[in-house]
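Return a 3D structure for these sequence lines:
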Amino acid sequence: MLLVWLLPACGGDNNAATPVRRAPTQIPMTPTPRSTALPLAADAPTLGDPERPISINFVIPEDDRDSNVIGAKNDLEAYLEDQLDLTVNVGFLENDSEAIKDVCSGRPTAVWASPFSLVAAEQTCGAVPGLSITRGRSTRETIGTTIEIVAHTDISSLSILSGWIFCRIDAQDVDSWVFPSLLMASEGVNPFIDLGGVQDYPDNEAMLLAIYNGECAAAGMPPGEFDTLVDTLASELTTGENPVTRDDIRNIMCVIRPAADVAFPGNMEAWQGYGRNMIPYEGLIFPPDSALPPALREQIAESILDFADSSQGEGLLRDVLDASQIIKVLPDASNNYADYYAAFRSTVIQAKWDMTFSE
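Prediction:
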């Protein structure tokens, strides 16, 4: 009886289904794919070959490209090709926005553009300065432009102009508005939102009279203009027995930001660069090392200097650059050089203001 109970419990039922073993699925054999070698890439054209020319472009709007400008451009192109034994294309751009894009494109392209474009290109792609210019003759030869800021004696610096009214000639005038706006911004005063207002006047004398009368607090003007106009203003303000002297005017207003010394230095080897409160003239901006090696930049710069010193280069100086001479601001191969643009670059960066007039 014990066996009768145990056999069913242990699955001893002969009618139970028996598992069936199935054969494994056969995987068909397939051939192993073999890699095919890619064709060899053609070598990149050598720098300066016709397929990879060196370009130098000047920012000159199309309306200003007369026959003299075109002729000077062609003469420079032919001279550089002959001196460098390379293919060189000299051309034109419409504005500084195009110049920044061009010099930062990765191509072997240099551009002649504003110093504001230089700072923007330095920040964007590591561009470097190459050449700049002077203007004027003899003792009046200059390396850039400058202004002085005249203010009511209650104003001691640009940094406290917030809330005060600023005088200007108009919104496009460089001396009375564009340049002062840059300086104010670099001192932490946004000229568009921090000032108490802006008043337009017909000329510098009218601006000084407005400061004297308390209509506005400060104004920008060309260097030396204040001293020149003090006597004129004193004479015009004098009436009958109420004379107004130079001292009376100077007790009301004074120069709070003197003009920089923009005279061309007699000894370039001792020159330390562009000073504070100065906008350098336009210059040649080179692309970074990856696009144009330092040794070749040096050759190009020296060739342009030689061309400008020759009789052929008169058109370049006169018609293209409106310059007296070209000066070298190129770093040497080891970058051991005075940073000529340090003060200007600091002003632009502190102002946080894009002065390239991008469209």
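
hey, let's count contacts and neighbours off CA atoms from now on
OK.

Just want the most central residue of this protein.
S117 (2.1 Å; C-alpha atoms, centre = their mean).

helix/strand/coil for that one?
helix (DSSP: H, G, I helix; E, B strand; the rest coil).

thought it was touching D102?
No: if you go by C-alpha atoms under 8 Å, S117 and D102 don't touch, sitting 11.1 Å apart.

Please report the distance of T238 from V244.
Distance, T238 to V244, by C-alpha to C-alpha, to the nearest Å: 5 Å.

go on, T124?
From T124 to V244 the distance is 54 Å (C-alpha to C-alpha).

the more surrounded of the two?
V244 (16 against 13; other C-alpha atoms under 10 Å).

quick revisit: mind checking how far the residue nearest to the centre of the chain is from A259?
23 Å.

From start to finish, how long is stretch 125-145 in a straight line?
Distance between the boundary residues of stretch 125-145 (C-alpha to C-alpha) amounts to 27 Å.

List of residues touching it?
103-104, 118, 121-122, 262-264, 274, 278-288, 297, 301, 321-331 (C-alpha atoms under 8 Å, 6 or more residues apart in numbering).

Sort out for me which of these are in strands.
278-280, 283-286, 325-328 (DSSP state E).

Mind putting the residues you listed into CSV with pLDDT?
Shown next, in CSV, are the ones in strands among the contacts of stretch 125-145 (pLDDT from 0 to 100):
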residue, pLDDT
M278, 95
I279, 96
P280, 97
G283, 97
L284, 98
I285, 97
F286, 97
Q325, 95
I326, 96
I327, 95
K328, 93
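
so which pair among those residues is furthest apart in space?
Largest separation among these by C-alpha to C-alpha: M278 and F286, giving 22.0 Å.

Of these two, give the one with the bigger neighbour count.
Neighbour tally, M278 and F286, criterion other C-alpha under 10 Å: the higher count belongs to F286, 31 against 21.

so what's the more buried one up against?
F286 neighbours (C-alpha under 8 Å, 6+ apart): 103, 109-111, 127-130, 292, 297.

Dump those into CSV; add distance to N68 as well.
Shown next, in CSV, are the contacts of F286 (distance: C-alpha to C-alpha, whole Å):
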residue, distance to N68
V103, 25
T109, 23
A110, 22
V111, 20
A127, 30
V128, 29
P129, 27
G130, 24
L292, 29
R297, 27
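
Return the member of those residues nearest to D339.
Nearest member of the contacts of F286 to D339, counting by C-alpha to C-alpha, is P129, at 10.0 Å.

and the gap between the closest one and L284?
6 Å.

Grab the longest helix from this protein for me.
The residue-count maximum for a helix in the chain (DSSP state H) belongs to helix 67-84.

Since that was my last question, I'll sign off now.
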